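Visitor: No sequence on hand, only this structure:
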């Protein structure tokens, strides 16, 4: 069976900044889980707060960690940990499973909750090789890390600061053409993040390629000359299903998929 490409064998191993786990039990759980993931020989990528720490040096408290894998490997990882005596849970078969030991857990993610971000083989191509607990693991590349966080904009959680910090500290490792390709349909979301970065760091505007800003602003200019869409659409649920539920249920807007009212 074909397997995802491994991170480049000649990629240098980088020193890893780690987040602050909430207690010694959490540290032991993460250490055991990483060791078991490596032993499983199932391809995975460390993501979330651990990846942000690796690229930015920011060390903030966390109670768990995230791994990304291909959809086909998601049931294999859950099955492996179940056979090792861990508790498992399929929270949402469209994108998320969990592995538990007592009150500690890690997320097994193979897509985004809004369906825009399936993990593919290309995610493994530029992953950064690091050592965690003296074991070789791959950290999600900054390109995919930004992509994975671009739509996390809920009332109680907003990952915009993570996106800005990754651009600041790892801009030279971002494949900007690839990132634009990932966000082609949602280019306005990318533009919002880049404008946010420029506003936060006016002295660092050169970290984002001029060609990319020109391309996105040209799209915006062309869009301004077009008529409004006839279908009333609310894409806010790609950020938060709960926060924009009223738009779909009461105000006649179409969800990301499905029919809505037509404009008068």
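Guide: Looks like it arrived, so ask away. None of the values given here were measured: they were computed from a predicted structure.

Visitor: how about the helix ranked longest in the chain: buried residues?
Guide: Among the segments of the chain that qualify as a helix by DSSP state H, the longest is helix 24-40. Within helix 24-40, the residues scored as buried using 16 or more other Cβ atoms under 10 Å are 26, 29, 30, 33, 34, 37, 40. Every C-beta, even on glycine, is put in place using the N, C-alpha and C of the backbone.

Visitor: need these in CSV with distance to residue 150, can you?
Guide: CSV is the format used below for the buried residues of helix 24-40 (distance: Cβ to Cβ, whole Å):
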residue, distance to residue 150
26, 28
29, 29
30, 26
33, 27
34, 26
37, 26
40, 29
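
Visitor: any idea how far the closest residue to residue 73 other than its chain neighbours is from residue 68?
Guide: Computed as Cβ to Cβ, 6 or more residues apart in numbering, the closest residue to residue 73 that is not its neighbour in sequence is residue 42, at 5.2 Å. Plainly put, residue 42 is 12 Å away from residue 68 if you go by Cβ to Cβ, to the nearest Å.

Visitor: what does residue 126 give?
Guide: Remark: distance between residue 126 and residue 68 (Cβ to Cβ) = 14 Å.

Visitor: between the two, who's got more neighbours?
Guide: Legend: neighbour count by other Cβ atoms under 10 Å for residue 126 and residue 68, higher for residue 68 (28 against 19).

Visitor: OK, contacts around the more buried one?
Guide: Counting by Cβ atoms under 8 Å, 6 or more residues apart in numbering, residue 68 touches 44, 45, 47, 109, 110, 119, 123, 140, 144, 148.

Visitor: ok, now residue 75?
Guide: By Cβ under 8 Å, 6+ apart, no residues touch residue 75.

Visitor: one more time with 10 Å, if that's ok
Guide: Listed by Cβ atoms under 10 Å, 6 or more residues apart in numbering, the contact set of residue 75 reads 69, 88, 90, 93, 97, 108, 110.
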